[in-house]
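**Q** Pasting the sequence and the predicted coordinates here, then a few questions.
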Amino acid sequence: MDAQRNAGRSIVVTGAAGGIGLAITRRLLQDGWHVVATDVDQNALDAAASAISANSQPQFLRMNVADRSDVGAAAAALSSNGRAIAGLVNAAGLLQDVTSFLTMDEQQQQAIWNVNYFGAVTCTQVFGELIAGAGGGSIVNITSINEHRPLPLHAYAPTKVALGALTTLTAGELGPAGIRVNAIAPGFTLTPILKAKIAAGKRDVKTIESHTALGRLVEPDEIAAVTSFLMSDDASAITGASIPVDAGWLATSHWMNFADLQHGSQGTNPVAGQAD
């Protein structure tokens, strides 16, 4: 049913060669969409092409979201091929190691803003026109739990807060054109990058797991499933929303401030009848 419903409708995915972007690309292909998978890293795109079944036939396109002329050229190329763009997933992003705010490198900060926020702005403007011209569709921004509760990533976190605000603003403006705009806020997700940080001792899995309601981290495919839903007609009345997909980290991470409450793999044991 999904394949028939989505036949002939194209979705542009930025950052499609990365962990979450690649999972989203695979899921959308599985659900019958035609996917234009874009990334700035041609080698990573080539690897992604090898990892995806040839039967799916996605279109791979190198594109730098931080370069407006590059995005414009990509959109023009798609338009010349007669592709009707029905959706956009802004998944491109630069990550950041924990650093001191007082000594944070200005060039690194600007590079992160150029991709994480302004890249999404550019893609939403350029591809938003094509989506409107095709009769409407859906845009999904991949933000982060940093959108809701910033962690000590002094350049990365503010870009995700800003992208969350952009989601609400564009949902209001683009709604009359038939375009829904939503955000997904992933928690700690087991992408290759996070796995590398865990292996390097930069993230403590046991601590993260103990701070989530479900006692585990998130899989990229779980982000992809929610993206596919928001892209589909099943989400036809949802716009301006930000959906955390974080195994309940936002719900329970702050519970650790209460020494008289035990939370972990054995379940919760709140002290009944007490209030602070």
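**A** Sure, I can see it.
**Q** burial measure for the nearest residue to residue 41 once chain neighbours are set aside, as a count.
**A** Closest residue in space to residue 41, ignoring its immediate chain neighbours: residue 17 at 5.9 Å, by C-beta to C-beta, 6 or more residues apart in numbering. C-beta: built from backbone N, CA, C; applies to glycine. By other C-beta atoms under 10 Å, the residues close to residue 17 number 27.
**Q** Check the gap between residue 17 and residue 249 for me.
**A** 26 Å (C-beta to C-beta, to the nearest Å).
**Q** in stretch 214-226, what counts as buried?
**A** 215, 217-220, 222-226 (16 or more other C-beta atoms under 10 Å).
**Q** least trustworthy helix or strand in this structure by mean pLDDT?
**A** strand 267-269 (a mean of 47; mean pLDDT, DSSP states H and E).
**Q** Show the model's pLDDT score for residue 99.
**A** At residue 99, the pLDDT value in this model is 85.
**Q** Over to residue 2?
**A** The per-residue pLDDT of residue 2 was computed as 55.
**Q** closest to residue 120 among the buried residues of stretch 214-226?
**A** The nearest member of the buried residues of stretch 214-226 to residue 120, counting by C-beta to C-beta, is residue 223 at 16.2 Å.
**Q** roughly how far apart are residue 50 and residue 228?
**A** 23 Å.
**Q** To clarify, my last question referred to residue 88.
**A** Counting by C-beta to C-beta - residue 88 and residue 228 are separated by 14 Å.
**Q** Please identify which of the two sits among more neighbours.
**A** residue 88 (28 against 24).
**Q** Tell me the secondary structure at that one.
**A** strand (DSSP: H, G, I helix; E, B strand; the rest coil).
**Q** Contacts only, for it.
**A** 11-14, 123-124, 127-128, 131, 137-140 (C-beta atoms under 8 Å, 6 or more residues apart in numbering).
**Q** want to throw those residues into TSV with pLDDT?
**A** Below are the contacts of residue 88 laid out as TSV (pLDDT from 0 to 100):
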residue	pLDDT
11	97
12	98
13	98
14	98
123	98
124	98
127	98
128	98
131	97
137	97
138	98
139	98
140	98
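**Q** which one among those gets closest to residue 79?
**A** Using C-beta to C-beta, residue 127 is the member of these that lies nearest residue 79, at 10.3 Å.
**Q** ok so that closest one is a strand residue?
**A** No - counting by three-state DSSP, residue 127 is not part of a strand but helix.
**Q** Just the CA atoms of whichever strand or helix holds residue 180, as PDB, please.
**A** Here residue 180, judged by DSSP states H and E, is contained in strand 179-186. C-alpha atoms of strand 179-186 as PDB (Å, rounded to 0.1, in the frame of the first residue of the first chain):
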ATOM      1  CA  ILE A 179       3.600  22.000   3.500                       C
ATOM      2  CA  ARG A 180       3.800  20.400   6.900                       C
ATOM      3  CA  VAL A 181       7.000  21.000   8.900                       C
ATOM      4  CA  ASN A 182       8.000  19.000  11.900                       C
ATOM      5  CA  ALA A 183      11.100  18.100  13.900                       C
ATOM      6  CA  ILE A 184      12.500  14.900  15.300                       C
ATOM      7  CA  ALA A 185      14.700  15.300  18.400                       C
ATOM      8  CA  PRO A 186      16.900  12.100  18.600                       C
END
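**Q** Just name whatever secondary elements that strand is in contact with.
**A** helix 118-133, strand 137-142, helix 156-174, helix 220-231, strand 242-245 (3 or more C-beta pairs under 8 Å, 6 or more residues apart in numbering; DSSP states H and E).
**Q** Right, I'll leave it there.
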